[in-house]
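> Could you look at this predicted model? Sequence included:
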Amino acid sequence: MILPQAIYRRAKEPSALPKEQRLIALDWACYFAVNGTHTVAEIGKQLRAETAARDESFDRLMTLGLIVEQELDAAEYVRALAASGDHEEKTLREFLAGAVQPPHTMPIPRATLRAARPAPPFTPLAFPQQPKENRPMSGSRQLSLRALMNLIEKQAGSREAGQLDIYRVFVRVDTLLLKKSGIETLRFTEDRLVSDPELEKAIVKSVKKTLGLDCPESVWVEVA
Amino acid sequence: MNFEQFKLFKRITLDYFAKLAPEEQPVLGEPHIHFGDPELLDYTSLIEIDGEYHGCIYLTSPVEMLKGVLVINGEFHDSPAHLKDMCQEFSNVLSGNASKAFGGEWRISVPRSLTMAEVQALDLPPSTFVMPIHWRGERSLLVVGLRANQEAA
């Protein structure tokens, strides 16, 4: 069974494949797309593949031993689940149980549901009555690069155009600041929280200068 | 460099690989942004560009990919000189594609073919947009590196 929130990685790198290896185009595309970071749902969306075709493709690649599922810790699983793109309202218990399963998938065992029962229904926090002023982070707020990149992609009208805009923003940011925060490579689907105020200021300034965009409140997240 | 120009450049560069071996289409991997020392493979085909930004575009490839293209072109010798010639051919393709895609808005330098050591000696832009190209079991990187002009920074 292929879950949309599952993350796979290649079991065999391209250089280790036999020369006679033959696959259909979607299988190759999925094979090259898995990198131990993106969920099945994200890859399917990127490839614009139908859910059933996507799952069949992952199933074939698993059967051929070309990819394996990545084991995740709890935090990684929750992040993967959030990234798998299920926007339906649900309780926390349903969310954590990955209630994005298509009808043909296996039901959750009763014992698992019983164990999860103490969790109360998930109620989102109320939105503040007065929108807060856009501002750099305080001690408990950090800039989410994922949220910022999503915003830029949305503004650009397409994922590809957004990626170019994101690059143009980062061209104006001092790479020494980025490296100081451990950012040497930035993938468009991963999240990084910026904790260095100087780097945050540089990014916000560049977004304004490059795209004429004021960073809205939604690109900052509360950090416990 | 606007998006339509960039998209055209990417497409005609992929088309070059597609035409080399029509039965084995290249696949563009997930792009990423890289900061700091450039990501380099064995040989690099490079052009410098100058316009709204100053920077470069390069295709960096492993020896095995260049050897494969030499064979497709009927050349079975793969000495360093032959590999560099093949790399130069890629540079010419990049240059032609960039002229076609970016039109008169950008000045494009003479295409160059460089070994890894030669590229490392250059002062390349520290922020690069990297697009992996998977083809025939090998991976090349098509890279755009831009530097904001002083007045634009």
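The structure has been received and is ready for your questions.
> Show me chain A divided up by domain.
According to automatic domain parsing, chain A comprises the domains A:8-69, A:88-224.
> can you redo the ones you listed as JSON lines with mean pLDDT?
Formatted as JSON lines, the domains of chain A follow (pLDDT from 0 to 100):
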{"stretch": "domain A:8-69", "mean pLDDT": "86"}
{"stretch": "domain A:88-224", "mean pLDDT": "76"}
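> Can you pull up the most central residue in chain B?
Most central in chain B under CA atoms, centre = their mean is residue B:59, positioned 2.1 Å from the mean C-alpha point.
> Run through the helices of chain A in chain order.
A:25-33, A:40-46, A:51-63, A:74-83, A:92-96, A:110-116, A:145-156, A:159-171, A:175-180, A:197-211 (DSSP state H).
> ditto for chain B
With helices called from DSSP H, chain B shows them at B:3-20, B:63-72, B:80-102, B:116-120.
> Which strands or helices does the second one pack on?
For helix B:63-72, the elements it packs on are helix B:80-102, strand B:138-148, judged by 3 or more CB pairs under 8 Å, 6 or more residues apart in numbering or on different chains; DSSP states H and E. C-betas here are computed from N, CA, C, even on glycine.
> For that helix, give the mean pLDDT please.
Averaging pLDDT along helix B:63-72 gives 94.
> same thing with the last one?
The pLDDT scores in helix B:116-120 average 94.
> How much space separates residue A:204 from residue A:148?
According to CB to CB, to the nearest Å, residue A:204 and residue A:148 sit 9 Å apart.
> Now do the residue nearest to the centre of chain B against chain A, distance only.
Going from residue B:59 to chain A by CB to the nearest CB, to the nearest Å gives 17 Å.
> what bridges to that residue?
Note on residue B:59: beta-bridge partners by DSSP bridges are residue B:45, residue B:142.
> so what's it up against?
B:13, B:44-45, B:90-91, B:94, B:133, B:140-143 (CB atoms under 8 Å, 6 or more residues apart in numbering or on different chains).
> what about it, distance to residue B:101?
In terms of CB to CB, residue B:59 sits 14 Å off from residue B:101.
> same check, this time on residue A:69
Distance, residue A:69 to residue B:101, by CB to CB: 40 Å.
> Looking at the two, which is more packed in?
With neighbours defined as other CB atoms under 10 Å in any protein chain shown, residue A:69 and residue B:101 compare such that residue B:101 has more, 20 against 16.
> Please tell me the pLDDT value assigned to the more buried one.
Note for residue B:101: predicted pLDDT of 84.
> same deal with residue A:4?
For residue A:4, the predicted pLDDT is 89.
> tally of neighbours for the nearest residue to residue A:58 once chain neighbours are set aside?
Spatial nearest neighbour of residue A:58, excluding adjacent residues (CB to CB, 6 or more residues apart in numbering or on different chains): residue A:2 at 4.6 Å. The number of residues packed near residue A:2 is 18, by other CB under 10 Å.
> Check the gap between residue A:2 and chain B for me.
For residue A:2, the distance to chain B - CB to the nearest CB - is 19 Å.
> show me what contacts that residue?
Contacts for residue A:2 (CB under 8 Å, 6+ apart) come out as A:40, A:54-55, A:58-59, A:62.
> can you pull the pLDDT of residue 75?
Just so you know, I chose chain A. For residue A:75, the model assigns a pLDDT of 77.
> right idea, wrong chain: chain B
89.
> Counting neighbours, what do you get for the residue lying closest to it once chain neighbours are set aside?
Excluding its sequence neighbours, the residue lying closest to residue B:75 (CB to CB, 6+ apart) is residue B:82, at 6.3 Å. As a burial measure, residue B:82 scores 15 neighbours (other CB under 10 Å).
> before we move on, what about residue B:137?
Using other CB under 10 Å, residue B:137 is surrounded by 17 other residues.
> Assess the claim that it and residue A:14 are in contact.
Yes. Residue B:137 is in contact with residue A:14 according to CB atoms under 8 Å; the separation is 4.6 Å.
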